[in-house]
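>>> Have a look; sequence and predicted model below, questions after that.
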Amino acid sequence: MNLSTYRKCSTLLALAGVLAFAGTAAAQQSMSIVGTGNVAGTGSATFGIQMTTTAPVEGYVVAISYDNTLVAITNVTTAGSVAASAGAELVVPEILATGFTLGVVLDAAAPFAGQTIPAGANQNIGSFTAQSIVILGQGDPPVSTGFQFVNGVLNNPPLDNILVQGGLSIGQGQGLGLNGNGSAMTINPPPPAGLEVESASALSTGSGGCARVLLDNDAGATQGFVLSIAHNSAVLNLVQINLAGTATQAAGAEFVATNITATGGTIGVVLDFVAPFLGQTIAPGQNIHIANYCYDCDNAVTYVQGDPIPAPEVSDLTFVDGVFGTPPLSNVVVVGGLSINPNLVDGTFTCLPEEVPLEDTTWSCGPTSGHPGEDVEICFYYTDSDDNLQGLQMAVCYDCNLTFNDFSIEGSIFEAVGAEFVNWNIDSDPNDGDGCEFVLGILLDALPPFNGQTVPPTTTPLLVGCVDATISPNAPCGECLEVAFCDDINGAGNVLIENIAIINFQSIQNFDMTPCEVCVVPENIFQRGDCNSDDKVDLADAQTVIGWQFAGHPILCPDACDANDDGKINLADAVLLMNYLFKFGDAPPDPGPEDDDVDPTDDNLPECESDDTVC
C-alpha cells in the first residue's frame with residue numbers, strides 16, 4: 001500500500017473516532033465474517049465481510065486476524081460490494097503477517113459530494129481470499145482454522161473495527177457487534193498426485209519416438225519432480241530424456257539432471273534453483289505434460305508389400321523406485337517443499353512393422369508337364385527394368401515327387417556374359433527331415449582381372465538356367481507338383497541360403513518371386529493295330545487305315561493305326577494287319593494287338609484323342 005494513501009485513510013478514520021461519543025445508539029449494528037471453506041492441499045477459499053447498519057455509513061475499518069501457520073491471505077478487495085457500488089473514493093487494503101486491515105472512505109476527494117452507504121442488513125462490504133500453506137499427509141486428519149475481528153493489534157498505528165456514521169466512529173465500545181466465530185476454513189489432505197507415462201509407438205525402422213510423461217496434481221503448485229522409468233532393452237533403446245514442449249520447459253526450470261542406462265533412465269527437475277529465486281512453479285491441474293522419454297526400436301520389423309504383416313514388438317514403460325541412480329532415486333513430486341509419493345500409471349512403447357516396397361526385380365520359373373516317370377526341364381528366369389545384376393543366390397524347395405538331377409546355365413544370359421562362379425547342390429531326399437531343396441549361387445565377376453561383368457536390365461524374362469528333373473513313377477496323376485522360392489533352406493549342405501539379387505554390392509531381397517508347377521498328366525495307351533478304336537484288332541482296322549489314307553475317314557489314335565510302328569500311317573500298315581490276321585504274319589510291335597499300353601517308341605504322330613489313358 002502507498003504509505004501516504006494509508007496515512008490519509010488512517011487520519012480520516014482516526015478523526016472520525018475523536019468525534020464519537022458513547023451515547024450513540026448502535027446496539028443493532030454489526031460486522032460479520034461469512035462463509036466457510038473446504039480446501040485440499042494448498043487450495044484457496046474466499047470469505048465475505050458484511051455489515052448491518054441503522055444509519056448511512058460514510059466509511060469503515062476492518063481488522064481481521066488469522067493463523068499464519070496454516071493460511072496466507074492472498075487478496076483483500078471491495079469488488080462487488082456496496083462500497084464499490086456507492087463509488088468509494090478511498091480503499092486501502094493492507095495484508096500483514098498475522099492479519100489484514102481494510103479502510104474505506106466513501107467521500108474522500110473533491111468535490112465531496114457526500115457519498116454514503118444507506119442503512120441496511122447484511123450488506124457485503126468486502127471479501128478476502130485465504131490459501132492453505134500446509135500439505136497434510138494422506139493419513140492426516142483435516143485441520144480447521146478461523147478468522148477473528150481484532151481491535152488495537154494490526155497496523156501502525158493499531159486500528160480498530162469501526163463504522164463512520166454522521167462523522168462519528170462507531171466501534172465495539174459503542175455497541176458495534178463483531179461476529180467472526182462462524183467463519184472457518186477446513187484444510188484436507190490433498191488428493192494424491194499422479195504420474196502417467198503415456199503409451200506411444202513408432203515405426204521399427206524409423207527415427208524413433210517419444211512417450212510423454214503426464215502429471216496430475218491438485219495439492220498445490222509443483223516445485224520439482226523426479227521420474228524413474230524402466231524399459232525392455234531387447235526391444236528399445238532410450239536415446240534421450242527431454243522437456244521439449246512441456247509445462248516444465250514453459251515454467252523455466254533452472255535445474256535439470258538426466259541419467260540414461262541400458263534398461264531405463266531418470267530425470268530430476270527443480271523449477272526455481274538459482275537467484276533471484278522468483279518462485280517458478282507448475283500450476284496445479286490434470287494431464288500436465290512435464291517430460292519426454294524418447295526411444296529407438298532395437299529391431300527392424302519389416303514385411304514386403306503383399307506379405308502377411310508381422311506382429312509389432314512391445315515394451316512396457318514402467319515407473320520404478322530405488323533402481324536407477326546413485327543413490328537410487330524414486331518417483332516424487334515436490335509441492336510446498338514436501339515430497340509427495342504419487343500414484344503411478346505405466347505405459348507401453350510399440351515398435352510397428354514397416355512395409356518395404358517391392359523392388360522391380362522378379363524371379364519366376366517355367367511351368368511344365370509330364371507323365372509319371374518322364375524327364376522334364378524346369379527353367380528359371382529374372383527381370384529387372386533398371387538394374388544390372390552382379391549375381392544371385394537362389395533357394396528353391398520342390399515337391400519330392402520330383403527328382404532334380406542336374407542344372408545348367410547353357411543358353412542363358414549368364415552363360416553369354418561369362419559367369420565366373422556357378423555352383424549348386426541338390427537335395428532330393430524326401431526322408432532327411434527338410435524336404436527336397438535346390439540351392440544355386442552365381443557371381444558374374446569372381447576371378448581376375450575383375451572386369452565388372454553384370455547381366456543387363458530387362459523387362460522381358462531372361463533365362464538364368466534350367467534343371468533336368470524326373471517325375472516319380474508314383475506321382476499322383478492329374479496333380480501339379482509345386483516348385484517354389486523358399487528362404488532359409490540348406491540344400492544338401494548346412495548353410496541356410498536366402499533368395500537374393502546382388503545389385504550394387506547389396507543383397508536385395510524385397511522383390512516378387514513367382515513359383516511354378518510341374519503338372520502330372522496321364523499318358524495315352526492303345527492296342528497297336530486297333531485303328532478304329534473298338535478295343536479289338538480285326539480286318540475292320542485294315543479297312544480303317546485304307547479309308548483314312550484314301551478317303552479321309554477320321555481316326556482317334558494315330559499310334560494305334562501305325563501297325564508297323566514306323567512313325568507313318570500308310571498302306572503298309574493295312575498290309576501288315578491282313579498278313580497278321582490271315583497269313584500268320586508278324587504281329588504288330590509293342591504294345592501289340594492284345595493289351596493296352598503306352599507307346600515305347602518316340603515318333604511325331606499326334607496324341608491319341610481316345611479316353612484310353614494310364615497314369
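Happy to help now that I have it. Numbers count the residues shown, from 1 in each chain.

>>> Which residue ranges of the stretch 151-300 of the chain form helices?
Per DSSP state H, counting those that start in this stretch, the stretch 151-300 of the chain carries helices over the ranges 247-250.

>>> let me redo that: the chain
Assigned by DSSP state H, the chain shows helices spanning 3-18, 82-86, 247-250, 413-417, 539-551, 558-561, 571-582.

>>> if we look at the fourth one, which residues are touching it?
Which is helix 413-417. Ile409, Val422, Ile442, Leu444, Gln453, Thr454, Val455, Pro456, Leu462, Leu463, Val464, Gly465 (CB atoms under 8 Å, 6 or more residues apart in numbering). For every residue, glycine as well, the C-beta is placed using N, CA and C.

>>> Please type out the ChimeraX selection for whichever of the residues you listed turn out to be buried.
The ChimeraX selection below is limited to those of the contacts of helix 413-417 classed as buried (16 or more other CB atoms under 10 Å):
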select :409,422,442,444,453,454,455,462,463,464,465
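
>>> Next, format the contacts of helix 413-417 as CSV and append pLDDT and distance to Glu196.
Formatted as CSV, the contacts of helix 413-417 follow (pLDDT from 0 to 100; distance: CB to CB, whole Å):
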residue, pLDDT, distance to Glu196
Ile409, 97, 63
Val422, 97, 61
Ile442, 97, 57
Leu444, 96, 59
Gln453, 95, 61
Thr454, 96, 57
Val455, 97, 58
Pro456, 95, 59
Leu462, 96, 59
Leu463, 97, 62
Val464, 97, 58
Gly465, 97, 61
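
>>> nearest to Phe511, of the contacts of helix 413-417?
When the contacts of helix 413-417 are ranked by distance to Phe511 (CB to CB), Val464 comes first, at 13.9 Å.

>>> Give the closest residue to the closest one in space, chain neighbours not counted.
What sits nearest to Val464 in space, not counting adjacent residues and going by CB to CB, 6 or more residues apart in numbering, is Phe380, at 4.3 Å.

>>> can you tell me which residues contact the most centrally placed residue in the chain?
In the chain, the residue lying closest to the centroid (CA atoms, centre = their mean) is Ser201, at 2.5 Å. Each residue near Ser201 by CB under 8 Å, 6+ apart is listed here: Gly209, Pro312, Phe349, Thr350, Cys351, Leu352.

>>> Which PyMOL command selects the buried ones in the residues you listed?
Listed next is the PyMOL selection for buried residues among the contacts of Ser201, using 16+ other CB under 10 Å:
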select buried, resi 209+349+350+351+352
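
>>> can you name the two of the contacts of Ser201 that are farthest apart?
So, those by CB to CB: farthest apart are Gly209 and Pro312, at 12.9 Å.

>>> and the residue nearest to the centre of the chain, bridged to which residues?
Thr350 (DSSP bridges).

>>> With the one 10 residues further on instead?
Beta bridges link Ala211 to Tyr293, judged by DSSP bridges.

>>> That one contacts Ser199, doesn't it?
Yes. Counting by CB atoms under 8 Å, Ser199 is a contact partner of Ala211 at 6.9 Å.

>>> Are there residues contacting both of those two? Which ones?
Leu317, Gly347, Phe349.

>>> quick one: the strands in the stretch 301-450 of the chain?
Under the criterion DSSP state E, counting those that start in this stretch, the stretch 301-450 of the chain contains strands at 302-304, 313-319, 332-335, 338-340, 343-345, 347-352, 354-356, 362-365, 368-370, 375-384, 391-398, 402-408, 421-427, 436-443.

>>> For Gly80, which of the ones you listed is the nearest?
Comparing those against Gly80 with CB to CB, the closest turns out to be strand 332-335 (31.2 Å).

>>> contact partners of that closest one?
Under CB under 8 Å, 6+ apart, the answer for strand 332-335 is 41-42, 135, 190, 193, 195, 215, 217, 219-226, 270, 339-342.

>>> burial measure for the closest residue in space to Gln543 that isn't next to it in sequence, as a count.
Using CB to CB, 6+ apart and skipping residues adjacent in sequence, the residue nearest Gln543 is Ala574, 7.8 Å away. Other residues near Ala574 number 23, with proximity taken as other CB atoms under 10 Å.

>>> do the same with the one 5 residues further on
When neighbours are defined as other CB under 10 Å, Asn579 has 13 of them.

>>> how about the closest residue to Asp160 other than its chain neighbours, what does it touch?
Nearest residue to Asp160, sequence neighbours excluded (CB to CB, 6+ apart): Asn151, at 4.2 Å. Applying CB under 8 Å, 6+ apart, we find Asn151 in contact with Ala63, Pro158, Leu159, Asp160, Asn161, Gly171, Gln172.
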